[in-house]
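*Asks:* Got a sequence here, can you build the structure:
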Amino acid sequence: MDNRRERPYVICYLAVSLDGRLDGFEPDLERYYGIAARFEADAILAGSETAIAAIERYGGVENTYDDGPVPELAPPDDPRPFLAVVDGRGRVRRWSVFQQAPYWGRWVALIGEGVPRAHRDYLSARNVDILECGSDRVDLDLALRRLAEVYGVRRVRVDSGGRLNGALLRAGLVDEVHLLVCPWLSGGSSPRSAFVADDLAPDALGTKLERMAVEQFEDGAVLLSYRAAR
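*Replies:* The predicted structure follows:
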């Protein structure tokens, strides 16, 4: 069954080393974000681990509750995409880091039903929208459909680590994959690959893809673009 009809189109876009890892190399960030803008996504989907890492690394602060100035909501015609964070247990607490950045026009927490009232109150006080999408873990299919239903989201770009990518893959929710392969080899045994998921059963097959395009750059990087074969 084609489950794309009632949910947004999902695009996974990552910069990886030649051996498919997310660490141990330095991508050209201007190129990376220039390519990201091509996808014209209505929403950017991130996982809680990626969000917390961004708070600590780029925000330079701990992931603790904050009571700073609350930003006003952008007008309905704001062209910027939403930031939607998959946060089933309510772990992301320093939303001001994202609200102070100019990239997003609205912020949405995708949470589980067990998230405490105090955390929900914090989100509401900071003008972070709440969508409850499952119990302990967020039901990704439901979350995507709710984004479409509530906000009219049609295209989602995933900006996250391997675990969220892997969960989307196993749920059959990936429509396109774009890998910016950088001319580096990282190595390593930790799960820092582009798609982290449980191993397939011995006789099972993965997700078959169809090539869309290959784009080469002078420094040796290559952009590989594929769509899921349905």
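
*Asks:* List the contacts of the residue nearest to Gly59 when sequence neighbours are not counted.
*Replies:* The shortest distance from Gly59 to any non-neighbouring residue, by C-beta to C-beta, 6 or more residues apart in numbering, is to Val97 (3.6 Å). (Each C-beta comes from the backbone N, C-alpha and C, glycine too.) Val97 makes contacts with Ala54, Ile55, Tyr58, Gly59, Val61, as judged by C-beta atoms under 8 Å, 6 or more residues apart in numbering.

*Asks:* Just those: which are in strands?
*Replies:* Among the contacts of Val97, none falls in strands (DSSP state E).

*Asks:* can I get these in a markdown table with pLDDT, neighbour count and distance to Ala213?
*Replies:* Below are those laid out as a markdown table (pLDDT from 0 to 100; neighbours: other C-beta atoms under 10 Å; distance: C-beta to C-beta, whole Å):
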| residue | pLDDT | neighbour count | distance to Ala213 |
| --- | --- | --- | --- |
| Ala54 | 94 | 19 | 29 |
| Ile55 | 95 | 21 | 34 |
| Tyr58 | 85 | 11 | 31 |
| Gly59 | 88 | 15 | 35 |
| Val61 | 93 | 12 | 40 |
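
*Asks:* ok, and for the helix or strand where the residue nearest to Gly59 lies, which residues are buried?
*Replies:* Secondary-structure element containing Val97, defined by DSSP states H and E: helix 96-99. By neighbour count on 16 or more other C-beta atoms under 10 Å, the buried set for helix 96-99 is Ser96, Val97, Phe98, Gln99.

*Asks:* Pick the one among those closest to Gly112.
*Replies:* Phe98 (20.1 Å; C-beta to C-beta).

*Asks:* Show the backbone phi and psi for the nearest residue to that closest one once chain neighbours are set aside.
*Replies:* Leaving aside its sequence neighbours, Phe98 sits nearest to Leu83 (C-beta to C-beta, 6+ apart; 5.7 Å). Main-chain dihedrals, Leu83, degrees, to the nearest 10: phi -110, psi 120.
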